[in-house]
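In: fold the following and give me the result.
(3 chains)
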Amino acid sequence: MSEASDIAVVRSLLFPWWDGHARDLPWRFGRTTPWGVLVSEVMSQQTQMSRVVPYWIAWMEVWPDARALSMASSAEVITAWGRLGYPRRALRLQSCARVVTEAYDDVLPRSYEELTALPGIGDYTASAVMSFAYGERIAVIDTNIRRVLSRVFLGIESQGGTASREERELAARVLPQDADESVTWNQTIMELGALVCSAKNPQCEQCPLARVCAFNLAGKPGLGHKPTRPRQHFKGTDRQVRGLILEALRTLPSGSRISHDDVAALWPVTGQLDSCLASLDEDGLIEIHPDSSVSFPS
DNA sequence: ATCCGGCCGT
DNA sequence: ACGGCGGGAT
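Out: Below you'll find the model as predicted:
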């Protein structure tokens, strides 16, 4: 599809689809604060929404705002993060809460620059907060949006790696002028990417854009062999070992320690275990005591 | 096996 | 620009 005539057409197809198919996530439709939106976005970094929902609900009940989270202990925060994965995010979120509390008096800043300066908040999350929490007109760029826009308007698969200048310009070009519409646009493109226009197996039969999508009309050239960064395996990696250690601590009564022997029993490769302990310590996710026992940080 | 609403240090 | 960082679902 050649663009411009067509942005309006795409919008007219997209918005009714959003009305009928948007997932009823608890942080949507004005039911939470900007801080609540930020928490949902951080939890969603590299993690599926369906897994996020119960964690977000429980988290916001305990720590409804930045000030509350800023006063929690690291141990509580890491425990509450549970099995969401990438637990450094939990610590960064708490650092973020402390900055918001102290530097901004518990009021989340409303500019992209201030948001990206916060710990754990990069381009995507800052843009998402600006759009979804504050209703500002800004192009949100994530893997879903890159994939959908590239397919619909360019007829090709988006490349892996950092978003190219072309992709950024496309996203800016097709963003509706009206601020409210731009928010719905961002959310709808993302939702379409998550539910219909998936990477490997797009459900074009159910797609509202099937008739106008350049990629579909071109016969989906190159579907499936998009060059992406090779996925890291999980089994046997440091990430698995780190996960085992944290999982062992999480299932203990709060405040207790694990002896070095019990830690050693978690993984047979001693050298790898020790380097993982060191890296967890460095990340602030555990504390190693003089007797070599291990606990969450105090 | 592949993907998932990235961020950060190097 | 690259590699590390969880864990679940399909």
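In: what lies in contact with stretch A:215-225?
Out: Contacting residues not belonging to stretch A:215-225 are listed as A:1, A:150-152, A:154-157, A:200, A:202, A:204, A:207, A:209-210 [CB atoms under 8 Å, 6 or more residues apart in numbering]. Heads up, the C-betas are built off the backbone N, CA and C, glycines and all.
In: what's the span of it, first residue to last?
Out: 14 Å (CA to CA, to the nearest Å).
In: how far off centre is it?
Out: 27 Å (CA atoms, centre = their mean, to the nearest Å).
In: in the contacts of stretch A:215-225, find the pair that's most separated.
Out: Pairwise distances across these peak at 22.7 Å for A:Met1 and A:Lys200 (criterion: CB to CB).
In: between the two, which is the more surrounded one?
Out: Set A:Met1 next to A:Lys200 and count neighbours by other CB atoms under 10 Å: A:Met1 wins out with 20 against 7.
In: which stretches of chain A have low pLDDT?
Out: A:1-5, A:226-228 (pLDDT under 70).
In: break it into its domains for me.
Out: Listed by automatic domain parsing, the domain ranges of chain A are A:1-24+A:135-231, A:25-133, A:238-295.
In: most packed of the ones you listed?
Out: Sort the domains of chain A by mean neighbour count, taking mean count of other CB atoms under 10 Å, and domain A:25-133 sits at the top with a mean of 18.
In: what about the strands in chain A?
Out: Secondary structure of chain A (DSSP state E): strands at A:287-288, A:294-295.
In: I'd like those strands laid out as a markdown table, including distance to A:Arg173.
Out: A markdown table is the format used below for the strands of chain A (distance: least, CB to CB, whole Å):
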| stretch | distance to A:Arg173 |
| --- | --- |
| strand A:287-288 | 50 |
| strand A:294-295 | 52 |
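In: put together TSV for these, with distance to DNA strand B on each row.
Out: TSV is the format used below for the strands of chain A (distance: least, CB to the nearest atom of the strand, whole Å):
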stretch	distance to DNA strand B
strand A:287-288	20
strand A:294-295	23
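In: so for A:Val241, which of those sits nearest?
Out: strand A:294-295 (12.9 Å).
In: chain center to that closest one: distance?
Out: 28 Å.
In: so that strand, near DNA strand C or not?
Out: No - interface with DNA strand C: strand A:294-295 contributes nothing (CB under 7 Å from any atom of the strand), its closest point being 15.0 Å away.
In: out of the contacts of stretch A:215-225, which is nearest to A:Ala72?
Out: A:Lys200 (39.0 Å).
In: so who does the closest one touch?
Out: A:Lys200 sits next to A:223-224 when contact means CB under 8 Å, 6+ apart.
In: from A:Glu157, how far off is it?
Out: 11 Å (CB to CB, to the nearest Å).
In: likewise for A:Ala128?
Out: From A:Ala128 to A:Glu157 the distance is 23 Å (CB to CB).
In: if we can go back for a sec, so which of the contacts of stretch A:215-225 is the closest to DNA strand C?
Out: Of all these, DNA strand C sits closest to A:Lys200, with 9.1 Å by CB to the nearest atom of the strand.
In: could you check how far that closest one is from A:Leu14?
Out: For A:Lys200 relative to A:Leu14 (CB to CB), the value is 22 Å.
In: name the nearest residue to A:Ala126, sequence neighbours excluded.
Out: The shortest distance from A:Ala126 to any non-neighbouring residue, by CB to CB, 6 or more residues apart in numbering, is to A:Leu115 (3.7 Å).
In: show me what contacts the residue in the stretch 101-250 of chain A that DNA strand B sits nearest to?
Out: Distances between the stretch 101-250 of chain A and DNA strand B by CB to the nearest atom of the strand are smallest at A:Gly122, namely 2.7 Å. By CB under 8 Å, 6+ apart, the contact set of A:Gly122 is A:Thr116.
In: mind telling me which residue of the stretch 1-150 of chain A is nearest DNA strand C?
Out: Closest point on the stretch 1-150 of chain A to DNA strand C, by CB to the nearest atom of the strand, is A:Gly85, at 2.2 Å.
In: from what I can see that residue touches A:Gln48, true?
Out: No - using CB atoms under 8 Å, A:Gly85 makes no contact with A:Gln48, being 10.1 Å away.
In: what about the helices in the stretch 151-298 of chain A?
Out: A:165-174, A:179-195, A:214-217, A:238-250, A:260-264, A:270-283 (DSSP state H, counting those that start in this stretch).
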